[in-house]
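> Okay, sequence plus prediction incoming.
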Amino acid sequence: MAAATGLGEPPSADAAAALTLNRWMAPIEAVCAALMAAIVAMLFSGVISRYLFSRPIGWIDETVSIAFIWVAMLGAVLAMHRNEHLRLTMFVDLMPPRVRGVVHAFALVAIAAFLLGLIGPAFEHVREEWIVTSPSLELPGGVRVAAIAAGLVLMLAIVAVYSVRTVSTSNLAIAVVGVGLFVGLCAWFSPNLAQLGLLNILIFLTGLVAVCLVAGVPIAFCFGYGVMCFLAFSSNVPLIVIVGRIDEGMANIILVSVPIFVLLGCVLDATGMGKAIVDLLASLIGHVKAGMSYVLLGSLFIVSGISGSKVSDMATVAPALFPEMRRRGNKQPEMVALLATGAAMADTVPPSIVLIVLGSVAGVSIAGLFESGIVVAMVLLLALRLLARWKARGEDTGAVRRPALKVIGRLALIAAPALVLPFLIRSAVGGGVATATEVSTIAVLYAMLIGQVLYGGIGLRRLYAMLVETAALSGAILLILGTASAMAWAITQSGIVQHLSLFLTSLPGGWVAFMGVTILVFLVLGCLLEGLPAVLLLAPIMFPIAKKLGIHEIHYSMVVVCAMNVGLMMPPIGVGFYVACRIGDARPDDVMFAIWPYIAALLLGVVVIAAVPALSTFML
């Protein structure tokens, strides 16, 4: 996601240093690729052994858990090297070059301060876990959590090298002094800060995090730095708690499906399976009025049910459809606006990475979320479809003819194996054949097999690159999960949740007013924090309040995810909006005016979903 990358520009000024770093990363890339391949193989073996032979393999979950956290932390290291950690760049881009250089230095020093502050507690966590042995493998728990310590050390080394090579000495000195003064003043006034109580949440978990966000510090480190300062200067809680919460936030076995579905998106793109679906839909309905808009929305709906990633969906559909849409007179800003909002619409279609993470964090049935997500996406699809039809009321389709049945039949034959994949995923989860984690491996292996036989296949070098790319992207996502878990824990332990719960449950209007607040909050946080961080931060706080008000957890989940997705695509801040502009090769200034009617249509759909609980629950 180019609009949300991490450390700034790579060190082009020193090619030798960059080459040295690349050589250092080669073994880490190889380990990540090997671990990803091993996770897929082990999970698939577990499904076969349990479902076909009724012999569960007990050690698989333990081994996958160990491999997973190592992939997550080493992937975070790769993301640091590749500048792929998610961050907010809008404010930094508006700054003058001189100020931007100082702010960039501050971001690097803030990252380094967080990593340096946690390395000691991370090794202490390893020592504590070493006395605990796993039940099946009888390995020390320290083997698994050593990944956190190793990842922190490696990321600190990369930040140090990049700081020296890419930041001027004067800017780096200013940043070091500035961060040092801040830490020193907080330490000096620590006894006074401890007396402020809940005000420390505003100082550290709101104010400091906001400053870091504006300065372009990656989101994971914003959360982590805020929590570390909050605990260090306003409480007696040891910092090892942060490491424990990061461990817990990343350790849930359900989250293993995140990197595997990311890998599935790479496979679809590499094999051309997604394009086959797009071509079939274009042949069926591309000739009607607003037909290509329908094809765009339908393709996003179907492809989203395979890849689980908005970015992958947009990158698959846009190149296949935009040339023909331009030829038919569609304007680029309108196309990109529909692409962005269509991706937001389709994000509840299973397998959705956001739904999997939400189910893990909030303790909601993932199978239930998958069932409900299809219906909810259809409501939003209808809203966008009606708007697209109204906008195309003057479109001339006289020159467009439906292809011959022979051509449609050939395209259907080509697309059929790809179209089976969404149904395979949903039926495997709904039928109890595999969990949401295991079904992701079935989908990957099916896509690779079909891609190899029918769509040209994937070479070993390309497969290796996809495994490495998957580890890097997943590491960036999972580190956010870990630090957001620590921040949510700190907020909960502060006692503010009880005050918030009392306020929200006593609002005039009851659950209806609470739903309105929820939509507003997640629209704003969806803009600022991207999707997953917003869910991770507020789910532990908001879901108990919703339950107290009698709102069904599936219904509430759908409202949260839909509102968050709309916020993600809202200009001028939404990260997804800028990603869509880059994929669609359009200027954000042009798309900004075109997207608002589509945003309004989605918001209307979200209000309907919030007001009618049966839309989310009748299939359960």
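Arrived safely. Numbers count the residues shown, from 1 in each chain.
> Please enumerate the helices of the stretch 1-150 of the chain.
In the stretch 1-150 of the chain, the helices defined using DSSP state H, counting those that start in this stretch lie at 15-51, 59-82, 90-93, 97-129, 142-166.
> Give the buried residues for the fourth one.
Neighbour counts over helix 97-129 (16 or more other CB atoms under 10 Å) mark 100-115, 117-119, 121-123, 125-126, 129 as buried. (Each C-beta comes from the backbone N, C-alpha and C, glycine too.)
> Buried ones in the strand or helix carrying Asp589, by neighbour count?
Secondary structure assignment for Asp589, by DSSP states H and E: helix 588-594. Neighbour counts over helix 588-594 (16+ other CB under 10 Å) mark Pro588, Asp590, Val591, Met592, Ala594 as buried.
> what two of those residues have the greatest distance between them?
Pro588 and Ala594 (10.7 Å; CB to CB).
> So which residues of the stretch 451-600 of the chain form helices?
460-494, 496-505, 511-529, 531-548, 553-568, 575-583, 588-594, 596-611.
> Tell me which of these sits most buried.
helix 553-568 (a mean of 27; mean count of other CB atoms under 10 Å).
> Output it as CSV, nothing but the C-alphas.
C-alpha atoms of helix 553-568 as CSV (Å, rounded to 0.1, in the frame of the first residue of the first chain):
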residue,chain,number,x,y,z
GLU,A,553,-22.9,-9.9,18.1
ILE,A,554,-23.1,-10.8,14.4
HIS,A,555,-25.4,-7.9,13.7
TYR,A,556,-23.0,-5.5,15.5
SER,A,557,-20.0,-7.0,13.8
MET,A,558,-21.5,-6.3,10.4
VAL,A,559,-22.2,-2.7,11.3
VAL,A,560,-18.7,-2.2,12.6
VAL,A,561,-17.0,-3.7,9.5
CYS,A,562,-19.2,-1.9,7.0
ALA,A,563,-18.8,1.5,8.7
MET,A,564,-15.0,1.0,9.0
ASN,A,565,-14.8,0.0,5.3
VAL,A,566,-16.6,3.1,4.2
GLY,A,567,-14.3,5.3,6.4
LEU,A,568,-11.3,3.6,4.8
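> picking up where we left off before, looking at the helices of the stretch 451-600 of the chain, which is closest to Arg328?
Per CB to CB, nearest to Arg328 of the helices of the stretch 451-600 of the chain: helix 588-594, 16.8 Å.
> so where's the stretch 351-500 of the chain shaky on pLDDT?
Along the stretch 351-500 of the chain, segments meeting pLDDT under 70 span 394-400, 429-434, 436, 497.
> how about 80 then?
Filtered on pLDDT under 80, the stretch 351-500 of the chain yields the residue ranges 351-353, 360-361, 392-403, 422-440, 451-457, 477, 481, 488, 492-500.
> And the strands in it?
Assigned by DSSP state E, counting those that start in this stretch, the stretch 351-500 of the chain shows no strands.
> With the stretch 151-300 of the chain instead?
Along the stretch 151-300 of the chain, counting by DSSP E, counting those that start in this stretch, no stretch forms strands.
> Would you state the helices of it in chain order?
Counting by DSSP H, counting those that start in this stretch, the helices of the stretch 151-300 of the chain are 169-188, 190-194, 199-200, 209-214, 219-234, 240-251, 257-271, 273-285, 291-307.
> Turn the ones you listed into CSV, including mean neighbour count.
Shown next, in CSV, are the helices of the stretch 151-300 of the chain (neighbours: other CB atoms under 10 Å):
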stretch, mean neighbour count
helix 169-188, 14
helix 190-194, 13
helix 199-200, 16
helix 209-214, 18
helix 219-234, 26
helix 240-251, 22
helix 257-271, 26
helix 273-285, 23
helix 291-307, 26
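> residues near the nearest residue to Ala270 once chain neighbours are set aside, how many?
The shortest distance from Ala270 to any non-neighbouring residue, by CB to CB, 6 or more residues apart in numbering, is to Ile458 (5.2 Å). For Ile458, the count of nearby residues is 19 (other CB atoms under 10 Å).
> rewinding a little: will you turn the helices of the stretch 151-300 of the chain into JSON lines that also has distance to Leu568 and mean pLDDT?
As requested, the helices of the stretch 151-300 of the chain are arranged in JSON lines below (distance: least, CB to CB, whole Å; pLDDT from 0 to 100):
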{"stretch": "helix 169-188", "distance to Leu568": "30", "mean pLDDT": "93"}
{"stretch": "helix 190-194", "distance to Leu568": "35", "mean pLDDT": "88"}
{"stretch": "helix 199-200", "distance to Leu568": "30", "mean pLDDT": "86"}
{"stretch": "helix 209-214", "distance to Leu568": "15", "mean pLDDT": "88"}
{"stretch": "helix 219-234", "distance to Leu568": "13", "mean pLDDT": "91"}
{"stretch": "helix 240-251", "distance to Leu568": "21", "mean pLDDT": "88"}
{"stretch": "helix 257-271", "distance to Leu568": "17", "mean pLDDT": "79"}
{"stretch": "helix 273-285", "distance to Leu568": "21", "mean pLDDT": "81"}
{"stretch": "helix 291-307", "distance to Leu568": "14", "mean pLDDT": "82"}
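> Of all those helices, which one is nearest Leu445?
Closest among those, using CB to CB: helix 257-271, at 9.5 Å.
> That closest one to helix 531-548, inter-axis angle?
Angle, helix 257-271 to helix 531-548, by axes from the mean of the first three to the mean of the last three CA atoms, to 10 degrees: 130 degrees.
> sorry, back to before: out of the helices of the stretch 1-150 of the chain, which gets nearest to Leu568?
Leu568 lies closest to helix 90-93 among the helices of the stretch 1-150 of the chain, at 13.6 Å (CB to CB).
> Can you mark which positions in stretch 29-42 are buried?
Glu29, Cys32, Ala33, Leu35, Met36, Ile39, Val40, Met42.
> Tell me how far the fourth one lies from Gly373.
Computed with CB to CB, to the nearest Å, the distance linking Leu35 and Gly373 is 30 Å.
> ditto for the second one
Here the criterion is CB to CB. By it, Cys32 lies 30 Å from Gly373.
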